[in-house]
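Novice: here is a sequence together with a model predicted from it:
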Amino acid sequence: MALRLNAIYWLMILTDESLIYESRIAVGAAWFVENVDLHDDLDLESINMETKSEKTSSSNLSTSTALVLVVFIFLSSLLALALLYRQFPELEEHERQHLHLPWDLEDAKQLGLVLDRYKDRYFYEVLFGVFLVYIFLQTFAIPGSIFLSILSGFLFPFYFALVLVCCCSAIGASLCFFLSNLLGKKLVRKFFPERAAEWSKAVAKHKDNLLNYIVFLRVTPFLPNWFINMSAPVIGVPLVPFALGTFIGVAPPSFVAIQAGQTLHTLTSTSDAWSWTSITVLSVFALVSLIPVFLKDKLREKFD
């Protein structure tokens, strides 16, 4: 079933890129509903009691205080980026205009050409710049990290770039997890308490397989990464399987993006990075990530 949904999704991408986010959320929701029974016979009242207990003990911050803290963290991050910009080596005027966040592939190409000229003499400055900007985008769910993955493949050796992207993704996603846990969970539990309890119940039901599910969602394009980052703490996913699953799960799609980055100058759009071979490989990885789940269920049925 997962392979069939995956094939449908990629066919949609190849025919109409404008449907990417809508299809991700729609297909992801269908997969989640099919694989997680939100109307299980577990005691909803006990889940509500746990939710109230956790709300009381985990944090005494009010929603307004949490919002102020999130804004402060965002402004502090912007200040750090500004300081990084000022510390960068002196650039020529025509180069400095390309030193900004890449919003499309052409921006990534121009930025890559500029950074490549300074990479040998200022390797650590360039490396730290990519590292910090990547984490910033992931932390605040800002689009553009795909271009930094491609850019990393252009600037650095393949396996070095792969480890770099996986680390940045895991760290940035964990920080986004923290911010969502700080503010998003409060808002959801305030306005949708019953829905939050149902989600928590579903997570509790599959707590032994959360790592595999996170890996699966990262490998497949069912849901946007920003949506996973922001929703995970709200539904009660623990940080450790979330971070580890992110590090492992982003590796296969990052492999494709980094490989494309080695031929950055020939790319005309991000869809050029994908082929039927890469789609097949990602589908295989997605299925492999769920094999332990099926094996556990079979063994449990056998011994029960």
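Specialist: Received, thanks.

Novice: all helices for the stretch 201-304 of the chain, in order.
Specialist: Taking DSSP state H, counting those that start in this stretch as the criterion, the stretch 201-304 of the chain carries its helices at 210-219, 225-231, 239-249, 251-261, 276-303.

Novice: now the first one against helix 251-261, angle please.
Specialist: Translated: helix 210-219. 30 degrees (axes from the mean of the first three to the mean of the last three CA atoms, to 10 degrees).

Novice: before we move on, back to that, which of the helices of the stretch 201-304 of the chain has the lowest mean pLDDT?
Specialist: Ranked by mean pLDDT, those end with helix 276-303 at the bottom, a mean of 63.

Novice: start to end distance for stretch 90-104?
Specialist: The first residue of stretch 90-104 is 25 Å away from its last residue (CA to CA, to the nearest Å).

Novice: can you list the buried residues in it?
Specialist: 95, 98, 101-102 (16 or more other CB atoms under 10 Å). Every C-beta, even on glycine, is put in place using the N, C-alpha and C of the backbone.

Novice: identify all contacting residues around it.
Specialist: 85, 88, 107-108, 110-111, 113-114, 117-118, 133, 137, 142-144, 147-148, 151 (CB atoms under 8 Å, 6 or more residues apart in numbering).

Novice: same check, this time on stretch 130-140
Specialist: Counting by CB under 8 Å, 6+ apart, residues outside stretch 130-140 touching it are 74, 77, 80-81, 84, 101, 115, 142-145, 148, 151-152, 155, 164-165, 168-169, 171-173, 175-176, 179, 225, 229.

Novice: any idea of the mean pLDDT in it?
Specialist: pLDDT averaged over stretch 130-140 gives 94.

Novice: how about that stretch as PDB, C-alpha atoms only?
Specialist: Extracted C-alpha coordinates of stretch 130-140, given in PDB (Å, rounded to 0.1, in the frame of the first residue of the first chain):
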ATOM      1  CA  VAL A 130      26.200  26.700   5.600                       C
ATOM      2  CA  PHE A 131      25.800  24.900   8.900                       C
ATOM      3  CA  LEU A 132      24.300  27.900  10.700                       C
ATOM      4  CA  VAL A 133      22.000  28.900   7.900                       C
ATOM      5  CA  TYR A 134      20.700  25.400   7.400                       C
ATOM      6  CA  ILE A 135      19.900  25.000  11.000                       C
ATOM      7  CA  PHE A 136      18.200  28.400  11.000                       C
ATOM      8  CA  LEU A 137      15.900  27.500   8.100                       C
ATOM      9  CA  GLN A 138      15.000  24.100   9.800                       C
ATOM     10  CA  THR A 139      14.400  25.600  13.200                       C
ATOM     11  CA  PHE A 140      11.900  28.200  12.000                       C
END
